[in-house]
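A.B. asks: predicted model follows, preceded by the sequence.
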Amino acid sequence: MAKKERKKVVIVREHPMHVPVSKKNPTGITIRDRHPRRLEGTYLDREEIESVFNAYDPKGIIFPASKKLEHQNSDKYDELIAVWTDYFNKKFGANPPLDPDVVKALIASESGFRADPPENKIAFGIAQITTESFKALQDPKGEVKDFIFNDIRKKDLKDPNINIPMAVRWLHRKKRLAEGKLGRAASAEEIILEYKGLLKSKSDEKKRALKNFKENYDNLKGK
Amino acid sequence: MTILKVNSFLLLIVGVLVACASSSYKIDIQTEGRMQLLVTSDRVILECYRLTDYAGDIKEAHLFSMNVLDEDKTVLIISQGNILGKEDCFKRINKIGKILKSGSKIFIGGMGNLDKPRETQQRRYSFPGLGQFPENGRVLQFMTVWNDKGMCYNAFSGDQKPCPSDEFPIVK
């Protein structure tokens, strides 16, 4: 019997809605057209991100290794990394789970823990999320439609509180893709190669592109 | 004519000697995980390496690195951790090229350490006037480069002031 897919979107009928009083809406009420709404638990917006993080029970969650990297602010975002890695590991039932040290080593090599590195014009924020990834993460019909982000603006990517959960969600997608391509669990390096678009590369380019990540990851693991 | 030939030969010898004498590399200062190198510009090659097997969403993806000839005549790679577009990568070459050209002392800040034994790689780099030398398998994460004339470039914030900043310079 085919597995019944849980509904993620419902259609909301036309309804009145309170808005700020203005010339256009002197009564403070407008009519909102019929529109789709994603069901709770299938997306995150800015408010939801904040409330999930603030209410998250830190008991038993795995933190990335600290005091292992020499970058300024290298341990500043450990709680964000730990909470969101744990959140998505549970959300997707990841087995094996994503290692928070993978997230931390990726951030170290991408931005050196700068919240808003301005020099790269095509990737944004602490995890250097590209425009295409940013779009895909919010596309209700796209490759991560089973769990998306909603109403996030590009300028929000400068905020690690927003950027890190989006990067972790994207890493989960890449982990799953890598596992599909390899037909087995993917190593930390293979997940990052898929993230960097080089998993299937047959040249030594993958080695070159991975050098910084590997160095940081090995340091976190005390190798 | 003979005198001219002898003079040209002497000039060549002097030129080579001066080049050899002025070319230098040293670890200026280090802490665990941070290295500050002091080199002359003839020992630095800037590279934008085009990724040909890349399947991601960055158009004309490149890796940026500064390849530095060390004291053992092997090449250390100081690379930017993230993949760049062609324009961003060559902008680095242009800006850092000016720092190399105008400074007599070049300081390079990188994360990592140089404790690992050298493992000679197949890839070789050609340094004008010095020769061809193999990559040594060591790597630092590129953070900052600056010179004795006050010109500076940071891997993440470009030439925005203050520069160098944050992790560099390492305070003695």
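C.D. replies: Sure, I can see it.

A.B. asks: so which residues on chain A come close to chain B?
C.D. replies: For chain A, the contact set with chain B under CB under 8 Å from any CB of the partner chain comprises A:69-72, A:108-112, A:114, A:117-123, A:128, A:130-133, A:196-203, A:205-206, A:208-209, A:211-213, A:215-216, A:219. Where C-beta positions appear, they are placed from N, C-alpha and C, glycine not excepted.

A.B. asks: only the buried subset of these, as a PyMOL command please.
C.D. replies: A single PyMOL command selects the buried members of the residues of chain A next to chain B (16 or more other CB atoms under 10 Å in any protein chain shown):
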select buried, chain A and resi 69+70+71+108+109+110+111+112+114+117+119+120+122+123+128+130+133+196+197+198+199+201+205+206+208+209+211+212+213+215+216+219
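
A.B. asks: so which of the residues of chain A next to chain B belong to helices?
C.D. replies: Among the residues of chain A next to chain B, the members found in helices (DSSP state H) are A:108-111, A:131-133, A:205-206, A:208-209, A:211-213, A:215-216, A:219.

A.B. asks: touching, B:P164 and B:W146? I think so.
C.D. replies: Yes - if you go by CB atoms under 8 Å, B:P164 and B:W146 touch, sitting 5.3 Å apart.

A.B. asks: neighbour count: these two, which is higher?
C.D. replies: Neighbour comparison, B:P164 and B:W146: the larger count goes to B:W146, with 23 against 18 (by other CB atoms under 10 Å in any protein chain shown).

A.B. asks: restrict whichever helix or strand A:V52 is part of to CA atoms and write it as CSV.
C.D. replies: In this structure, A:V52 sits in helix A:46-55 according to DSSP states H and E. Coordinates of each C-alpha in helix A:46-55 appear next as CSV, following Å, rounded to 0.1, in the frame of the first residue of the first chain:
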residue,chain,number,x,y,z
ARG,A,46,11.9,34.7,11.6
GLU,A,47,9.5,34.6,14.6
GLU,A,48,9.4,30.9,14.7
ILE,A,49,13.2,30.7,14.5
GLU,A,50,13.5,32.9,17.5
SER,A,51,10.9,31.1,19.5
VAL,A,52,12.2,27.6,18.7
PHE,A,53,15.7,28.7,19.7
ASN,A,54,14.6,30.4,22.9
ALA,A,55,12.4,27.5,24.0
